[in-house]
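Novice: sharing a sequence plus its predicted fold:
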Amino acid sequence: MPSEPTDSPPRIACLLTPLFPLAARLRSEPELIQEPLAILAGNGHAARVVAATRLARRAGIRPGFTLSQARARLPKLIARPCDAECEYAAQEALLDVAESFSPRVEDGGEGMAYLDACGLERHYPGESPDEELARSLMLAVEKRAGLPIRVGIAASKLAARVAASQPHSPTLVPAGEESAFLAPLPLAQLTPQAKTLATLTSWGISSLGELANLPKDEIVSRLGPAGQQLHSIARGIDTEPLMPRHPPPIFREGMELEWPLVNLEPFVFVARAALERITQRMQVRGLACERLRLSLGLEPDGHHERSITLPAPTRDIKTLLTLLRLDLEANPPNAPIITFTLDAHPDKPREAQLSLFGPTALSPDKLATTVARLFSMLGDGRVGSPRTVDAHRPERFALEPYAPPPPPKERQKTPPGRGLLTVRVLRPALEVEVITRGGQAPRYDPQDTLNTAIDEVAEPITEYASPRSDERPISIKTLVTDETTKKPRIDGSVRVASGPWGLEEDWWSSDRLERDYWDVELASGGLYRLYRDRQNGDWFVDGIYD
Amino acid sequence: MPNIALPAAFARQVRTARELVDEQRRTPEETRLATASTGFDRLLEGGLERGSMVELIGRRSSGRFSLVLATLAAVTRTGEAAALVDLGDALDPQAAAAAGVDLERLLWVRPRHLKGVLASAEVILTSGIPLVVLDTGMPPVPGGRGKEASWLRLARSARAHRTALLISSPYRMSGTAARAVLEARSSRPTWAGQGRSPRLLRGVAADLELIKSPKPRRQGETETLNWRLAEDLQGDDRASTSQQTVSRQTAIPPTVEGTYADEHRNVIRFKERAIA
């Protein structure tokens, strides 16, 4: 951060959200903006209206009304309780946007934030940098956080807060004119204690200017430290400096639901809106979601938590939502949902430098989103980068997260091909019935085209002495089960067989493997790799040479 | 570009960034992905064209999957990334590594249904991976042939993202969407050993025929590809020579070729006389 000259006057911007409980609720449920809505604090009959939309206010609903009184004036009034989760998320969103303007932001609580505006005027080289900054702040908060705010800029926090509370926003207090700006304001703007306010009123003091004109020592001797603080504030001097906050390590959005949700679909609909708000906030800070934690409050007092780790940081809502849906389908809550909280653990999105002469590098962000979407579509263990495993069993393999190394700086020439014949693996291996030499001879069926083919085209089966066994396959037939109907059928007489090659692994353990492998060519065409399990004598085809 | 003030000889050599990019995009390396399989490349006029869909069909043991792995190996070894959407779950990483595939650069996706294959491919195409291979395995393919509209959408997406899309299927699935279709057929296994001696599988020879091409007169052209088992090979140098791709035209012995050429000339002379 560039150092500021010590003699430059401080400039503090106050961002104030009027009717904060209402604004926070409308941020979570924007469809209620055009409805007569009232926010109530308290429980049961003690609940009182704390804020209401314009439509409700026009009907005469005021803060302090009970729900019955409000409904008597407006029967169609929609009532919502104060929601701590909504307000927390709205406050964090406001602070996130403020932090995108300045690194020094103080959390004022209740929809308020103070921002150190020193040095920001360089970004607004117009005639009135403060006004441009204030309008930019209002626009950014409205657009990115979904909150209507008022902005006041002054040299002290109180002056900025008072300026922000003026109906016409933005309100700018020129440097050194804080006392004059505050002087006509009533004492109540300082929100003093009732006893102190009563004392000052009994002295005949009604405005901040009158308090500021009194001698400081006299005030302190009569009212103590509280009086000293009030006197300083009335003169436009902050008793506490701006205290920047440390941004929390997670992004949280949540909501208390109007009624318990039993089905997944309506919950996914609500969660989508929350995820949209989270990703928007992460975008402001240039971050992406690495891990998502869902906390569900269940009826009557249950709790359900899920944690989803993403294969790569992403801000793609569709991906996040699909993963969330899949996880909840696999692990559903056992009671209706009444509240939810989504915590997104952020991480920096992957970045790469573009190459001038080599192959084009993949965009890490796009790739991460792609992998996450594939992961959400196909599930765990179906997407990744294959790896070999140091073992003899051909079916063994490993799968690792896909993170290709950067391409070479210069384009490589295509190397000559190896021209290797490879095996198309059958997973799991297909169990077959094999007739071997010494067993039952293949039955000749004139209707069987395979046998006909042998007569017409293929050479007679070549007999030879097997190097390790005199049992060699001469005919194969797929065992018909429910599973094998979905697999390729492998039937026919063996034209040429080559083998066996023994394979032994883990012979010292209970999971030992003893197989005899064969390469066979069927008379009807096709080259297969099959093996006989020495332990039980079953035959399997585990690959097709293709 | 305002290069009027420059000397003419110098100005001719000056290029704008856009011109340089356009020139680079016109180079063979930028327009096509060579597959290192001479016959396949010859039929495709240099390799898989970026932004186009090619379908490769073939029955069992036709060398189709070997060709897929050879293509993946050729592309990943030049430093490019590639994706394999493997419906039959048929990839053996050990075999792929032996075939030369750089496994770190290979994205392996294993859907269970053709619908998943199409959806996965559509997602992968947006990532910028230059080669996407869809292998639908062996029949019965779970999900049938899929809707032609889905294949057309994939082809359009491949064109939009300049991705080479190779469909490997047992029979034609993509309908009219593929720019070129090749069929691997007539596989002939070769065995070592004769008479009563033990046999050893050496490899497979398969014909690859171009059955659909943007240039209709090329349709029907055939190349023969020889695939050999890994056990036969000793190192890369020998391996590179083991793939002997022989064109049918060039396979004609010189004497026969001469006869054929003479006959051909005679036919032309005969036709010329007839016209006269």
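Specialist: Happy to help now that I have it.
Novice: so what's residue A:421 up against?
Specialist: By C-beta atoms under 8 Å, 6 or more residues apart in numbering or on different chains, the residues touching residue A:421 are A:545, B:63, B:66, B:203-204, B:227-230. Any C-beta I mention is one placed from the backbone N, CA and C, and that applies to glycine too.
Novice: show me the two of those residues that sit farthest apart.
Specialist: B:63 and B:230 (14.5 Å; C-beta to C-beta).
Novice: who's more crowded, those two?
Specialist: residue B:63 (28 against 15; other C-beta atoms under 10 Å in any protein chain shown).
Novice: confidence score at the more buried one?
Specialist: Looking at residue B:63, its pLDDT stands at 92.
Novice: any idea whether the residue nearest to it when sequence neighbours are not counted is helix, strand or coil?
Specialist: Distance criterion C-beta to C-beta, 6 or more residues apart in numbering or on different chains; nearest residue to residue B:63, sequence neighbours excluded, is residue B:206 at 3.9 Å. With DSSP: H, G, I helix; E, B strand; the rest coil as the basis, the three-state label of residue B:206 is strand.
Novice: which one of the residues in the stretch 201-350 of chain A is closest to chain B?
Specialist: Nearest residue of the stretch 201-350 of chain A to chain B: residue A:319, at 9.6 Å (C-beta to the nearest C-beta).
Novice: element containing that residue, please.
Specialist: Assessed by DSSP states H and E, residue A:319 sits inside helix A:317-330.
Novice: report the contact partners of the residue lying closest to residue B:188 once chain neighbours are set aside.
Specialist: For residue B:188, ignoring the flanking residues on the chain, the nearest one in space by C-beta to C-beta, 6+ apart is residue B:205 at 4.7 Å. Residue B:205 makes contacts with B:187-188, B:190, B:224-227, as judged by C-beta under 8 Å, 6+ apart.
Novice: what about residue B:205, distance to residue B:68?
Specialist: Separation of residue B:205 from residue B:68 (C-beta to C-beta, to the nearest Å): 18 Å.
Novice: residues touching the residue in the stretch 1-150 of chain A positioned nearest to chain B, list them.
Specialist: Per C-beta to the nearest C-beta, residue A:144 is where the stretch 1-150 of chain A lies closest to chain B, at 25.8 Å. Residue A:144 makes contact with A:93, A:96-97, A:100, A:280-281, A:284 under the criterion C-beta under 8 Å, 6+ apart.
Novice: would you map out the domains in the chain?
Specialist: Looking at chain A here, since you left the chain open. Using automatic domain parsing, the domain parsing of chain A gives A:12-177, A:183-234, A:256-412, A:423-545.
Novice: my bad, the chain I had in mind was chain B
Specialist: B:1-27, B:34-244, B:252-276.
Novice: run a quick neighbour tally on the residue of the stretch 201-350 of chain A closest to chain B.
Specialist: 26.
Novice: correct me if wrong: it contacts residue A:371.
Specialist: No. Residue A:319 is beyond contact range of residue A:371, at 9.1 Å (criterion: C-beta atoms under 8 Å).
Novice: phi, psi for the residue positioned nearest the centre of chain B please.
Specialist: Geometric centre of chain B, nearest residue: residue B:40, 5.0 Å, by C-alpha atoms, centre = their mean. Residue B:40 adopts backbone torsions of phi -60, psi -50, taken as degrees, to the nearest 10.
Novice: again, but for residue A:253
Specialist: According to degrees, to the nearest 10, residue A:253 has phi -140, psi 140.
Novice: same question, residue B:210
Specialist: Phi and psi for residue B:210, reported as degrees, to the nearest 10, are phi -80, psi 110.
Novice: so who does it touch?
Specialist: Contacts for residue B:210 (C-beta under 8 Å, 6+ apart) come out as B:43, B:180-182, B:218-222.
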